[in-house]
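> sequence first, then the predicted structure:
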Amino acid sequence: MNGGRILLPTDSSLPALAATIEAVKLAKERKTGLIILYVTETAPTVQLEMQAGNVALKRCKDIDGILFAKKLAAEEGVDVEEVAREGPVAGEIVNVAKAMSVSTIVLGSSRPHGMTELYLGDVAKSVARMAQCEVITINPTPEQGKKALELARSIAKREIPKTVEHITTTKQFKVGLGLFTIFTVIYAVFMVMGSYDRSLMGQHILGLNVGLLLGMLVILIAIVMAVMFNRYASAMEKKQEG
Amino acid sequence: MASALTNDFKPIAFALFVVIVMITLAISVYFSRRVRTAGHYYTAGGGVKWFVNGVAFAGDYLSAASFLGIAGMIAFSGYDGFIYGIGFLAGWIVALFLIAEPLRVMGKFTFADALVSKFKSKWVRLAAAISTLIVSIFYLIPQMVGAGTIIQPLLGFPYEWGVLIVGGIVILIVATAGMVSTTWVQFIKAILLLIAVIGLTIGVLAVAGQDPINFISQFITNGASNPKTGVMTYTGDAFMSPGLKYKDPLDFMSLMVALLLGTAALPHILIRYYTVPKPSDARKSTVVAIILMGLFYILMLYLGLGANYFAGQGKFIITDSNLAAPTLANFIGGEMFFALISSIAFATILGTVSGLIMAAAGAIAHDIYTEILGKKKSDKAALRVSKMTAVGVGLIAILLGILMKGQNVAFLVGLAFAIAASANIPALIGTLFWKRATDKGIIAGIIVGLASSLLLIAISPTFMADGAWFSLTNPGIISVPLGFVAMIGVSLGTKPKVQTT
């Protein structure tokens, strides 16, 4: 059990902020390092769902939970390593704990109940059930929560995202613009023919007529262009990353 | 004597309907929990999120309009119905290449957020929020009409009940929890819908005993029926080329412009781009959606023509153009198959309405309450306002759905597209691509596009019948350019605001 580092999964929720304080304290006591983990949920959610989830789990959207943990650890002289994962939240926490042989997982729990538990599940409970190491669940009292929030607000405000110029000037976007222009021309020709040259659209060809074949062709071109653009853009992204 | 669908109560259909709706809801709850609490997924790699989102995208889009409306439009108007499918898909190309990624990279929540990130003006935000609200409501109306139409033969309930049931369920879900995982509902419904459409297409070809090409070409040689009477009415050339419904070439063009530009301007489609963690995932999702929808719209040709074909053989008549697909299912596979298809259609409507209401309400509450009124007190209060907005939007949709009884849903969606394209596209293009655009220009573009499209619809043949002051049924070809003219003209006449950040 001993010797391994401490794993702190955080999502900027109020319990996670309280857990951050406890985890840093524990790491300092045990003279060991801290692993800060952020798991991105992969389920797409619309805004109202996100809002409802944030309220239910007491997430503080103006706070950067990872930054908070890093700053706090730095103040206390605790070594940190930052890890980001994507996937099922509880599963990824347990996987990281195992892969990095941590001694203890410290995580906050908002003790969801009722509708919240039905929809969102209880991550802390699932981690405790699946993990093969010590799991400390922090369920802060209102005073502890308030203190953690004040501390976090004072040192870890969230940053503002990028602006539009970052993308409209990229090469990838220009390629998209080119493809769009080509498609629009094809669509426009099809549209004008359908509107003003209806006898041509009715010409028989291959057992069908020109209009039907062209219509199917427009659908097919849309699909082919989309697939091609995606392959190109993915390749560009890979090049940028690697 | 050929008969239409009856409106009596069908116990088996009712049971199947309840089971499908319940299963859809249960699976969506199960999956949304697993995302947080499961040990691992059963799918390989991290591909699940954009695949699921892509299918959900398709689910958002393949609404009652696509399924009930286009099948009916093709059955009644031939080639002019097919054009809807082509235009609906073409809109995605605009979304993918032009709008989606810039917006996603900006990391903004709503259409208004995107505009305001460049023009720091409350008035821009207000104009955008109003446009979002109106477009959402116009898109909700056809969904409600679809629900009301399908509930009559499915369960034997009156039209109004269908509208009330959909509106009621969605309002209940939003008011109690607000976490329905609309993504999973859309995912399941898209899969069900594709299976249903593939099944029906195979059924049509098998019962007709023809291969896919022959089935279409025999229409060109033999002509087509009027499905309302079952009498062969149209020549093949008239039915299978443009112009049966849209006799005025300008009207045909107007529809195609609206469909091309409308998709990228629909708030609930824009919002779905923010639901995945990375811009590249949003793009991949779009590609998945485009492939599935392309397949879907080609198959719709077989459903619509199939309905016309068997009506022409005296197998049945179709009383309401929105019922072409369900009537066809009833003939091909009997009452069970009819119940299955109709239940899927109903679940489809439920998914679209809940997704749209939640997305739109979130956006509107965020824009007006949090940003314009500056009420930044607590997330809890903001959530409450979102929910109240959702309930309000739901009630308006129920009311208008009841008023618009009897209209073809694909046609109504065409109007929503025209409004979205006129109000939002000039503003979006100006914001993204034109350095000289000013905040006043953007506001003018939104207001002129919105007002002119609404006004032209109000004085069109749809609302004024034969004495209409404006002869086109779709306003796109006039109102979209008007929006651009206003945006450009006012921008050139005003000075750009000095940006503060």
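Done, it's in.
> ranges for the strands of chain A?
A:6-9, A:34-40, A:80-86, A:104-108, A:134-138, A:204-205, A:208-209 (DSSP state E).
> lowest average pLDDT across the ones you listed?
Here the strands of chain A differ in mean pLDDT, and the lowest is strand A:204-205 at a mean of 81.
> interface residues of the stretch 201-350 of chain B facing chain A?
The stretch 201-350 of chain B has residues B:213-214, B:216-217, B:220, B:237, B:240-243, B:249-250, B:252-253, B:256-257, B:260, B:271-272, B:274-277, B:280, B:283-287, B:290-291, B:294, B:297-298 near chain A, with proximity defined as C-beta under 8 Å from any C-beta of the partner chain. All C-beta spots, glycine's among them, are computed from the backbone N, C-alpha and C.
> drop anything exposed from those residues.
Buried subset of those (neighbour count, 16 or more other C-beta atoms under 10 Å in any protein chain shown): B:216-217, B:220, B:237, B:240-243, B:249, B:252-253, B:256-257, B:260, B:271-272, B:274-276, B:280, B:283-287, B:290-291, B:294, B:297-298.
> of the residues you listed, which belong to strands?
Among those, no residue falls in strands (DSSP E).
> just the ones of those in helices?
Judged by DSSP state H, the subset of those located in helices is B:216-217, B:220, B:237, B:240, B:249, B:252-253, B:256-257, B:260, B:271-272, B:280, B:283-287, B:290-291, B:294, B:297-298.
> circling back to that earlier point, mind checking the strands of chain A for the one nearest to B:Ile478?
In terms of C-beta to C-beta, the element of those nearest to B:Ile478 is strand A:208-209, at 30.2 Å.
> show the model's pLDDT score for residue 152.
Since you didn't name a chain, this refers to chain A. As predicted, A:Ala152 sits at a pLDDT of 83.
> correction: the question concerned chain B.
83.
> and it, that one's in a strand?
No - assigned with DSSP: H, G, I helix; E, B strand; the rest coil, B:Gln152 falls outside any strand and is helix.
> so who does it touch?
B:Gln152 makes contacts with B:7, B:158-159, B:162, as judged by C-beta atoms under 8 Å, 6 or more residues apart in numbering or on different chains.
> most widely separated two among those residues?
For the contacts of B:Gln152, the farthest-apart pair by C-beta to C-beta is B:Asn7 and B:Gly162; their separation is 11.7 Å.
> counting neighbours, go ahead and name the busier of the two.
More crowded of B:Asn7 and B:Gly162, by other C-beta atoms under 10 Å in any protein chain shown: B:Gly162, with 25 against 16.
> can you report how many residues lie near the closest residue to the more buried one other than its chain neighbours?
Nearest residue to B:Gly162, sequence neighbours excluded (C-beta to C-beta, 6 or more residues apart in numbering or on different chains): B:Ile151, at 2.9 Å. The burial count assigned to B:Ile151 is 25, neighbours taken as other C-beta under 10 Å.
> next one: B:Ile151 from B:Met404, what distance?
Going from B:Ile151 to B:Met404 by C-beta to C-beta, to the nearest Å gives 15 Å.
> and if you look at A:Ala97?
Counting by C-beta to C-beta, the gap from A:Ala97 to B:Met404 is 56 Å.
> who has more neighbours, the two?
Neighbours were counted for A:Ala97 and for B:Met404 using other C-beta under 10 Å; A:Ala97 has more, 27 against 17.
> helix or strand right after the biggest helix by length in chain B?
When chain B is scanned for its longest helix (criterion: DSSP H), the result is helix B:324-364. Sequence-wise, the next helix or strand downstream of helix B:324-364 (DSSP states H and E) is helix B:379-403.
> pLDDT (mean, whole number) over that next one?
84.
> gap between it and the chain center?
19 Å (C-alpha atoms, centre = their mean, to the nearest Å).
> and if you look at stretch A:4-16?
Using C-alpha atoms, centre = their mean, the offset of stretch A:4-16 from its chain centre is 17 Å.
> cool, stretch A:81-92 as well?
10 Å.
> repeat for stretch A:51-63
Put simply, stretch A:51-63 sits 15 Å off its chain's centre (C-alpha atoms, centre = their mean).
> hmm, back to that, how close does the residue nearest to B:Gly162 sit to B:Pro326?
Using C-beta to C-beta, we find B:Ile151 at a distance of 11 Å from B:Pro326.
> one more: B:Trp123?
Counting by C-beta to C-beta, the separation of B:Trp123 from B:Pro326 is 47 Å.
> looking at these two, which is more packed in?
Taking neighbours as other C-beta under 10 Å, B:Trp123 and B:Pro326 compare with B:Pro326 leading, 27 against 15.
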